[in-house]
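**Student:** sequence and predicted structure are below.
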Amino acid sequence: MTVSLIALGAGAQTLTAEAAQALQGAGLVVGAQRLLQLLPPGVTPNRVAAVRTEELARCILQSGQKQVAAVFSGDVGFYSGAGLLAQRLAQSGAQCRWYPGVSSLQLLAARLGCAWQNWLLASAHGRACDPVPYVMQGKSVLFLTGGENTAAVLCQKLAAAGLGALPCCAGQSLGTPQESILHGTAAQLAQRQFDPLTVLLAGPAPQPLAQYGPWLPDDVFIRGKTPMTKQLVRAAVLQQLHPVPGDVCWDVGGGTGSVAIALSRAAARVYTVEASPEACGLIAQNREKLGAWNLTALCGSAPAALQGLPAPDKVFVGGSKGTMKEILETVLAANPAARVCVSAVTLETLGAACAAMQQLGLQPTVSQIAVSDARAVGGLHMMTAQNPVWLITGQKA
């Protein structure tokens with residue numbers, strides 16, 4: 001049995017000649033009902049409407065046909081179900097041949113008269129999707145939408161993060177007579193209704209001082225009287241936690257937000273908790289100034305303020321106010337595999353962190369960072385030492 005995995009693009013008008021020939025030779029065609037109605041003339045009337053992989057595979061394998069075609073919208077290589085079906089059919093010995101098509105990505109780029117090779121690509125169709133981390137990567141992002149994540153919902157999420165002025169473009173029903181393209185800001189498109197067959201082009205988000213990445217110098221932060229974790233210590237914290245895109249990070253005791261903002265430039269979503277109203281105000285100012293759009297700041301005391309947050313992958317504890325063990329218990333209850341880094345400037349905090357980690361099954365590793373800066377004294381320079389900082393890092397095996 002040979003199965004042709006055929007991309008229809010937007011319909012018969014975007015079908016390639018090679019794919020059309022494969023359709024004409026098929027004794028059975030399976031696919032979504034909407035797609036079966038778009039087939040060109042001359043294709044077999046032996047058609048079965050199916051969507052799920054197992055259902056498609058069962059129809060194909062039980063058909064008794066030597067040549068079968070499975071049709072998909074867009075392109076078979078762009079967030080398509082063709083890949084899963086090919087894997088399933090391979091288990092039964094069926095041979096598959098792929099026929100590419102014109103995707104909604106290509107259609108939108110063509111309508112806009114621009115190249116798309118530098119866009120980031122993401123699917124919000126039938127899956128959880130936070131658009132903010134995507135638009136923070138310095139490129140425009142093309143989102144496939146669908147289900148609960150309509151183009152309007154994605155724009156609402158962008159606006160809620162402070163990106164209401166972000167330029168966006170929505171392409172509806174591309175390649176059909178109902179095609180339309182809407183331009184506007186995220187805030188404007190958040191108020192619109194969209195066809196289910198819509199793609200959204202957004203971003204990139206403004207990110208001041210992008211050339212520094214997460215290694216922002218100290219003097220770019222608004223300080224006030226709130227203590228701040230200094231640049232070289234922040235770098236060591238990131239090295240200990242090694243956040244990656246897709247991580248959820250907690251920052252407990254946010255201070256000015258310096259560590260949280262560094263994490264936000266390296267990870268997907270950061271939540272910082274700070275008890276001081278004055279410090280919360282500084283975090284908000286620095287978030288706005290430095291474009292940390294994927295940072296959510298909560299004013300409250302840990303561990304109570306941590307309840308209900310998405311489970312963390314990486315956690316930095318910069319201040320515990322005597323509740324070290326309770327904070328770590330909350331972290332591990334949310335994710336037993338979370339990696340934790342605690343900073344300490346006193347022996348008491350160092351001891352409390354080590355003891356709490358050992359009691360909770362985290363084997364702590366301890367590093368001390370001692371930084372000295374040069375200062376001018378007349379025509380000479382002398383070193384002035386900063387307070388030493390301990391970093392206590394732990395994670396369950």
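**Tutor:** Happy to help now that I have it. Numbering: from 1, shown residues only.
**Student:** for the rest of this, base every contact and every neighbour count on C-alpha atoms.
**Tutor:** Fine.
**Student:** check contacts around Leu350.
**Tutor:** By CA atoms under 8 Å, 6 or more residues apart in numbering, the residues touching Leu350 are Ala344, Trp390, Ile392.
**Student:** ok, 7 Å please
**Tutor:** Counting by CA atoms under 7 Å, 6 or more residues apart in numbering, Leu350 touches Ala344.
**Student:** in whichever helix or strand it is part of, which residues are buried?
**Tutor:** Using DSSP states H and E, Leu350 sits in helix 347-359. Within helix 347-359, the residues scored as buried using 16 or more other CA atoms under 10 Å are Thr349, Leu350, Ala352, Ala353, Cys354, Ala355, Ala356, Met357.
**Student:** roughly how far does the first one sit from Ala161?
**Tutor:** The span separating Thr349 from Ala161 equals 34 Å under the rule CA to CA, to the nearest Å.
**Student:** with Ala397 instead?
**Tutor:** 35 Å.
**Student:** higher neighbour count, these two?
**Tutor:** A direct count of neighbours by other CA atoms under 10 Å for Ala397 and Ala161 places Ala161 higher, at 16 against 8.
**Student:** I figured that one hits Trp293, correct?
**Tutor:** Yes - counting by CA atoms under 7 Å, Trp293 is a contact partner of Ala161 at 5.7 Å.
**Student:** and His381, backbone torsions?
**Tutor:** When read as degrees, to the nearest 10, the backbone of His381 gives phi -130, psi 140.
**Student:** ok, now which ones touch it?
**Tutor:** So His381 contacts Ala374, Arg375 (CA under 7 Å, 6+ apart).
**Student:** who touches stretch 333-341?
**Tutor:** 240-241, 311-317, 332, 391-396.
**Student:** among those residues, name the ones in strands.
**Tutor:** Lys314, Val315, Phe316, Val317, Leu391, Ile392, Thr393, Gly394 (DSSP state E).
**Student:** I'd like those laid out as JSON lines, including distance to Thr384.
**Tutor:** Converted to JSON lines, these look like this (distance: CA to CA, whole Å):
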{"residue": "Lys314", "distance to Thr384": "33"}
{"residue": "Val315", "distance to Thr384": "31"}
{"residue": "Phe316", "distance to Thr384": "27"}
{"residue": "Val317", "distance to Thr384": "26"}
{"residue": "Leu391", "distance to Thr384": "21"}
{"residue": "Ile392", "distance to Thr384": "25"}
{"residue": "Thr393", "distance to Thr384": "27"}
{"residue": "Gly394", "distance to Thr384": "31"}
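**Student:** show me what counts as buried in whichever helix or strand Leu23 is part of.
**Tutor:** Taking DSSP H and E as the criterion, Leu23 maps to helix 17-24. Buried residues in helix 17-24, defined by neighbour count with 16+ other CA under 10 Å: Ala19, Ala20, Ala22, Leu23, Gln24.
**Student:** hang on, the earlier thing: can I get the ones in strands among the contacts of stretch 333-341 in a markdown table with pLDDT and neighbour count?
**Tutor:** Listed next are the ones in strands among the contacts of stretch 333-341 as a markdown table, based on pLDDT from 0 to 100; neighbours: other CA atoms under 10 Å:
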| residue | pLDDT | neighbour count |
| --- | --- | --- |
| Lys314 | 97 | 27 |
| Val315 | 98 | 25 |
| Phe316 | 98 | 27 |
| Val317 | 97 | 24 |
| Leu391 | 97 | 25 |
| Ile392 | 97 | 25 |
| Thr393 | 97 | 24 |
| Gly394 | 96 | 23 |
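**Student:** for Ala260, state which of those residues is nearest.
**Tutor:** Of all those, Ala260 sits closest to Phe316, with 8.6 Å by CA to CA.
**Student:** could you tell me how far stretch 297-314 lies from the centre of the chain?
**Tutor:** 20 Å (CA atoms, centre = their mean, to the nearest Å).
**Student:** right, I'll call it a day here.
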